[in-house]
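Q: I would like to see how this sequence folds:
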Amino acid sequence: MEIKTFHDKQVLGTSAAEQAAAAIRAAIRQRGKARIIAATGVSQFEFLEALTALPNLDWSRVEMFHLDEYVGIPETHPASFCRFLRERLIEKTGITNFHLLDGKSNPVEVIRQVGQALQSAPIDVAFVGIGENGHLAFNDPPADFETEAPYLIVTLDEVCRRQQMGEGWFVSLEEVPKQAMSMGIRQILKSEEIICIVPDSRKANAVKACLEGDISPMAPASILRTHPHTTVYLDQHSAALLSADASSTVK
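A: Numbers count the residues shown, from 1 in each chain. As a prediction, the model looks like this:
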């Protein structure tokens with residue numbers, strides 16, 4: 001694992017986008033197409049804005065998979081991750097080959113269909129974040145590190161649900177769904193490359209636990225340390241609690 005720390009999340013987003021673009025271009029050169037996993041949420045704003053603005057990316061050769069989605073949320077809801085990806089990635093790039101997790105359809109059937117497509121070929125690069133409770137995708141602690149299922153239906157813990165409310169997606173905790181569809185931990189780790197984007201001070205405790213504590217289901221994103229090609233992008237706020245030699249600061 002490589003850890004990179006930046007002074008602000010704009011520069012963080014630009015740097016992460018350049019690495020993501022390089023991975024996509026390399027896959028297209030080697031195999032004629034690239035398969036990616038896209039994350040959502042406030043942490044991805046600057047990254048996706050920078051990525052979709054980069055030139056010389058042939059998005060017609062990109063196949064995109066959806067990391068996670070609430071059960072029961074329609075795409076018209078402000079919190080819909082399908083809506084997020086349409087507005088911030090699909091419509092900006094013109095991607096036509098994408099697999100979204102429909103929150104209003106039968107979740108068992110949704111994860112069966114998308115999971116089947118996901119497992120049909122290797123993933124070149126996955127974009128992920130770390131939650132305030134250390135979750136990876138919607139795999140809240142204690143996360144299932146053993147299942148080979150590409151997607152799971154999971155129950156969200158209160159810390160996770162409060163994070164979603166705090167980010168402004170919901171007016172009250174009662175509105176936040178209690179279940180979600182989430183890509184499994186082992187499935188994420190099958191990606192050839194992982195780019196983990198984690199800005200903001202509210203993530204500092206989780207970053208410390210996942211990057212310096214034990215690799216444990218109680219700190220789900222800690223499992224990223226076992227992946228040989230993971231890069232974690234932090235800003236000075238999310239990295240504030242790390243030991244001095246944990247990361248290289250980039251101005």
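
Q: hey, where'd the helices end up in the stretch 151-251 of the chain?
A: Applying DSSP state H, counting those that start in this stretch to the stretch 151-251 of the chain gives helices spanning 158-166, 185-189, 204-212.

Q: what's the answer for the stretch 1-150 of the chain, then?
A: 9-31, 45-53, 81-85, 91-93, 107-118.

Q: got the angle between the first one and helix 45-53?
A: When you say that, I think you mean helix 9-31. Going by axes from the mean of the first three to the mean of the last three Cα atoms, to 10 degrees, helix 9-31 is angled at 40 degrees with respect to helix 45-53.

Q: skipping adjacent residues, who's closest to His77 in space?
A: Arg83 (7.1 Å; Cβ to Cβ, 6 or more residues apart in numbering). Placement of C-beta: from N, CA and C, glycine included.

Q: and the one you found, how far from Ala17?
A: For Arg83, the distance to Ala17 equals 21 Å [Cβ to Cβ, to the nearest Å].

Q: and the two? Which one has more around it.
A: For Arg83 versus Ala17, neighbours defined as other Cβ atoms under 10 Å are more numerous around Ala17 (24 against 18).

Q: now do the contacts for the more buried one.
A: When contacts are counted by Cβ atoms under 8 Å, 6 or more residues apart in numbering, Ala17 touches 47-48, 50-51, 53-54.

Q: mind giving me the PyMOL select for the residues you listed, buried ones only?
A: Buried residues within the contacts of Ala17, by 16 or more other Cβ atoms under 10 Å, are selected in PyMOL with:
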select buried, resi 47+48+50+51+54
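
Q: of the helices of the stretch 151-251 of the chain, which is nearest Val176?
A: Taking Cβ to Cβ, helix 158-166 is the member of the helices of the stretch 151-251 of the chain nearest to Val176, at 4.2 Å.

Q: tell me which residues are up against the closest one.
A: 79, 131-133, 135, 138, 140, 170-173, 175-176, 178, 202.

Q: which one among the contacts of Ala17 gets closest to Ser120?
A: Leu51 (24.3 Å).

Q: was I right about that closest one contacting Gln19?
A: No: with contact defined as Cβ atoms under 8 Å, Leu51 does not reach Gln19; the gap is 9.8 Å.

Q: Leu118 and Arg112: what is the separation?
A: Taking Cβ to Cβ, one finds Leu118 at 11 Å from Arg112.

Q: now do the contacts for the nearest residue to Ser238 once chain neighbours are set aside.
A: In space, and not counting its chain neighbours, Ser238 is closest to Lys203: 4.5 Å by Cβ to Cβ, 6+ apart. Contacts for Lys203 (Cβ under 8 Å, 6+ apart) come out as 43, 130-132, 237-238.
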